[in-house]
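Novice: requesting a structural model of the entry that follows:
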Amino acid sequence: MLSSVHDELLSRGFAVIDDFLPAPLAAKLHDGMERLRQGGGLRQHRFGFKPNMAAPVQLFTKPHIFEAEAGDAAVRAIAPGLAEAIDEIDLQRAASDAFPSLRLASGADAATVKLQCNEGRGGCFPLHYDNAGPPSKRALTGLFYLNPDWRDGDGGELQLQPWLRPMATLAPLHRRLVLFLSDRVLHRVLPCHARRYCFTVWLDGEGTNGAGSLSLDSRVAPEELHLLACQRVLSRSVYSEEYVASMEECFVGSAEQLAPQLASHHEHVRASMASAPFARIANAARELKAQLASSARPPPQPDAQQPQPAQPSIVAGAKGLTAAPPALTASSVGRVELLVLALDAYRVAVSVRVL
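Specialist: As a prediction, this is how the structure comes out:
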């Protein structure tokens, strides 16, 4: 079945297969998740946050999100058979056969399974890549949804933001499988208003985050980064406003967690844009993003036509936002190399060097 979405996954970066899980298996998995939740086998999502490399790690939580690893002792004790039911799917083997060009790694240590319950009440995830940078080897993400009673308005949709492409918003429909490239598709989860179950399978790649994967070449047009992993080092500068909005939604009511993350994000963007070559690439991408948004916007009514403001561009060294600089050309700079250090699951530190 995975082979049917081969071209879609490799050309768009993501693919959706509805009714992927057989109904009896989906019912078994859903029942196991229910038992796990009721039996206290899920723990609140926690992640380490460092505002910079020298700072100590702070332990933050995601409101209303509870998780477990498939191999946890509590999973086997409270919901016996759940992990085995997931093993029946064998996504690792099926994906390796269907997508040989991804060079997915083999072995138990090359696949990770996370079980998740979103209790609603606005629980969500901000924008991020599942593989933010080294040393992660994640290449492919598989999201399986177990929500037989999901209805419009329940929220919890997966929102995919392929690089400089239209956004895709996907409902967490029962038995649905969503596949996407872990290191090349920016995404988030919208606020959830009803209990939502899913489990994620991350598959490692043999060549993921290899040499050159985080190096930008100015001769490559920004739109051609669509399926290149180096887009990650530009994403916070290009999608800065979207990152901020998603963090504000995720941590509403938790100012002590939101404030340092917003400060870190703004500092990350400021430091990155301090490099003029980096800023030229990022602003060219922002201009394309603005054009995409403008083309997707419904035409105004004749009696309410107003000029649409252009997408602001972030300019290196400026405190405010100004017009975009001239278009980047190959003669502007030959190559920009970036040293990227993963600070946590969602953020990277960037060091820019012009060659």
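
Novice: would you map the strands across the stretch 101-250 of the chain?
Specialist: All strands of the stretch 101-250 of the chain, identified by DSSP state E, counting those that start in this stretch, fall at 111-118, 123-128, 138-145, 158-162, 168-170, 177-181, 185-192, 196-204, 215-217.

Novice: just the CA trace of the third one, in PDB.
Specialist: By that I understand strand 138-145. Below are the C-alpha coordinates for strand 138-145, written out as PDB (Å, rounded to 0.1, in the frame of the first residue of the first chain):
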ATOM      1  CA  ARG A 138      15.300  10.600  11.700                       C
ATOM      2  CA  ALA A 139      14.300  10.400   8.100                       C
ATOM      3  CA  LEU A 140      10.700   9.400   7.900                       C
ATOM      4  CA  THR A 141       7.800  10.100  10.200                       C
ATOM      5  CA  GLY A 142       4.600   8.000  10.300                       C
ATOM      6  CA  LEU A 143       1.600   9.300  12.200                       C
ATOM      7  CA  PHE A 144      -1.200   6.800  12.900                       C
ATOM      8  CA  TYR A 145      -4.600   8.200  14.200                       C
END
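
Novice: what lines up beside that strand in the sheet?
Specialist: If you go by DSSP bridges, strand 138-145 pairs up with strand 177-181 (antiparallel), strand 196-204 (antiparallel).

Novice: you'd agree Cys117 is up against Gly39?
Specialist: No - between Cys117 and Gly39 there is no contact under Cβ atoms under 8 Å: 11.9 Å. C-beta here means a position set from N, CA and C on the backbone, and glycine is covered the same way.

Novice: compare these two (neighbour count), which wins?
Specialist: Neighbour count, other Cβ atoms under 10 Å: between Cys117 and Gly39, Cys117 has more, with 24 against 13.

Novice: for the more buried one, which non-adjacent residue is spatially closest?
Specialist: Phe66 (4.8 Å; Cβ to Cβ, 6 or more residues apart in numbering).

Novice: need phi/psi at that neighbour.
Specialist: Main-chain dihedrals, Phe66, degrees, to the nearest 10: phi -130, psi 140.

Novice: for it, give its distance to Ile281.
Specialist: Going from Phe66 to Ile281 by Cβ to Cβ, to the nearest Å gives 40 Å.

Novice: again with Pro191
Specialist: Pro191 is 33 Å from Ile281, by Cβ to Cβ.

Novice: one more: Trp163?
Specialist: 13 Å.

Novice: who touches Arg46 in this structure?
Specialist: Leu59, Phe60, Thr61, Lys62 (Cβ atoms under 8 Å, 6 or more residues apart in numbering).

Novice: so who does the second one touch?
Specialist: The one in question is Phe60. Listed by Cβ under 8 Å, 6+ apart, the contact set of Phe60 reads Arg46, Phe47, Gly48, Phe49, Gln257, Gln261.

Novice: farthest pair within those residues?
Specialist: Arg46 and Gln261 (14.3 Å; Cβ to Cβ).

Novice: Lys137 and Leu104 touch, don't they?
Specialist: No - applying Cβ under 8 Å, one finds Lys137 not in contact with Leu104, separated by 10.0 Å.

Novice: pick out whichever of the two has more residues nearby.
Specialist: Leu104 (23 against 20).

Novice: buried subset of the contacts of Phe60?
Specialist: Phe49, Gln257, Gln261 (16 or more other Cβ atoms under 10 Å).

Novice: quick one: which of those is nearest Ala70?
Specialist: Phe49 (25.3 Å).

Novice: tell me the spacing between the closest one and Asp109.
Specialist: From Phe49 over to Asp109 (counting by Cβ to Cβ), the distance is 26 Å.

Novice: same check on Ala79?
Specialist: 23 Å.

Novice: higher neighbour count, these two?
Specialist: With neighbours defined as other Cβ under 10 Å, Ala79 and Asp109 compare such that Ala79 has more, 23 against 9.

Novice: contacting residues around the more buried one?
Specialist: Going by Cβ under 8 Å, 6+ apart, the list of residues near Ala79 reads Gly32, Met33, Arg35, Leu36, Gly39, Gly41.

Novice: so the third one makes contact with Ile78?
Specialist: Yep, that's Arg35 we're talking about. Yes - in this structure, Arg35 is within contact of Ile78 by Cβ under 8 Å, at 5.9 Å.

Novice: now do the shared contacts for those two.
Specialist: What both Arg35 and Ile78 touch, as defined by Cβ under 8 Å, 6+ apart, is the set Gly41.

Novice: neighbour-wise, which of the two wins?
Specialist: When neighbours are counted by other Cβ under 10 Å, Arg35 and Ile78 differ, and Ile78 comes out ahead with 19 against 16.

Novice: tell me the confidence at the nearest residue to the more buried one once chain neighbours are set aside?
Specialist: Excluding the flanking residues, the one nearest Ile78 by Cβ to Cβ, 6+ apart is Gly39, at 3.7 Å. Confidence at Gly39, expressed as pLDDT, is 97.

Novice: phi first, then psi, for Gly39.
Specialist: phi -90, psi 0.
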